[in-house]
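Engineer: Give me coordinates for this.
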Amino acid sequence: MNRLGKTALELFAAVALVAAGNAYLARDAAGGRAPPLPAAALNGHTPQMPAGRPVLVDFFATWCPICRLDQAAAQAVARHAPVVVVATQSPIPAVRAFARRHHWRTPVVFDPDGRIARRYGVRVLPMAFILGPRGHIRFVVAGYTTEAGLLGRLWLARLGV
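Structural biologist: Okay, here's the model as predicted:
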């Protein structure tokens, strides 16, 4: 096998491994129509679930180091698509301080006891749900992801893939 073929095979194996890991971690995630979110947000921004546009619903906790890294991608996506952050099992002062420190412009829904996270089937954090234009869950991403990964999934959700 030549060098290019070996590199392609290794890349395919890495992608397959990541996909399998995501599928395992998201095995209990909700499917179908997304569970409703509260109308009020912690930071005064009202969660928008506009019909006809895909939406990112991102589960986050202030005590989760990977979540803190992942939030840069979620906030960057907010320049292109509606994003709602669900702060689960985190104290309100910590969530407000984090949102203020990082200049969040997205709605932040407070989920102190994890009730919303349980309805979505969240088992690991961070976990992102890409909702299609009609509010159905199209993709679930467990763990860290990138802005490009989220934007790609939002684009596919818009196409109905």
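Engineer: quick one: low-confidence ranges for this structure?
Structural biologist: Scanning the chain for pLDDT under 70 picks out 8, 14-15, 18-19, 21-25, 43-46, 48, 161.
Engineer: the helices in it, which residues?
Structural biologist: Under the criterion DSSP state H, the chain carries helices at the ranges 3-25, 65-77, 92-101, 115-120, 147-159.
Engineer: buried residues in the third one?
Structural biologist: Yep, that's helix 92-101 we're talking about. 95-96, 98-99 (16 or more other CB atoms under 10 Å). Every C-beta, even on glycine, is put in place using the N, C-alpha and C of the backbone.
Engineer: out of the residues you listed, which one sits closest to residue 121?
Structural biologist: Lowest distance from residue 121 to the buried residues of helix 92-101 (CB to CB) belongs to residue 95, with 21.8 Å.
Engineer: Give me the nearest residue to that closest one, chain neighbours excluded.
Structural biologist: Residue nearest to residue 95 in three dimensions, not counting chain neighbours: residue 87, with 4.3 Å by CB to CB, 6 or more residues apart in numbering.
Engineer: and that neighbour, what does it touch?
Structural biologist: Going by CB atoms under 8 Å, 6 or more residues apart in numbering, residue 87 touches 42, 60-62, 95, 108-111.
Engineer: Kindly reformat those as a markdown table containing distance to residue 83.
Structural biologist: Shown next, in a markdown table, are the contacts of residue 87 (distance: CB to CB, whole Å):
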| residue | distance to residue 83 |
| --- | --- |
| 42 | 14 |
| 60 | 11 |
| 61 | 17 |
| 62 | 17 |
| 95 | 15 |
| 108 | 10 |
| 109 | 11 |
| 110 | 16 |
| 111 | 16 |
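Engineer: quick one: residue 153 and residue 137 touch, right?
Structural biologist: No: with contact defined as CB atoms under 8 Å, residue 153 and residue 137 do not form a contacting pair (11.2 Å).
Engineer: what sits in contact with each of the two?
Structural biologist: Common neighbours of residue 153 and residue 137, counting by CB under 8 Å, 6+ apart, are residue 130.
Engineer: Closest to the centroid, which residue in this structure?
Structural biologist: Among the residues of the chain, the one closest to the centroid is residue 128, at 1.9 Å (CA atoms, centre = their mean).
Engineer: List the contacts of the spatially closest residue to that residue that is not a sequence neighbour.
Structural biologist: Once flanking residues are discounted, residue 128 sits nearest to residue 141: 4.4 Å by CB to CB, 6+ apart. Neighbouring residues of residue 141 by CB under 8 Å, 6+ apart: 22, 26, 127-130, 149-150, 153.
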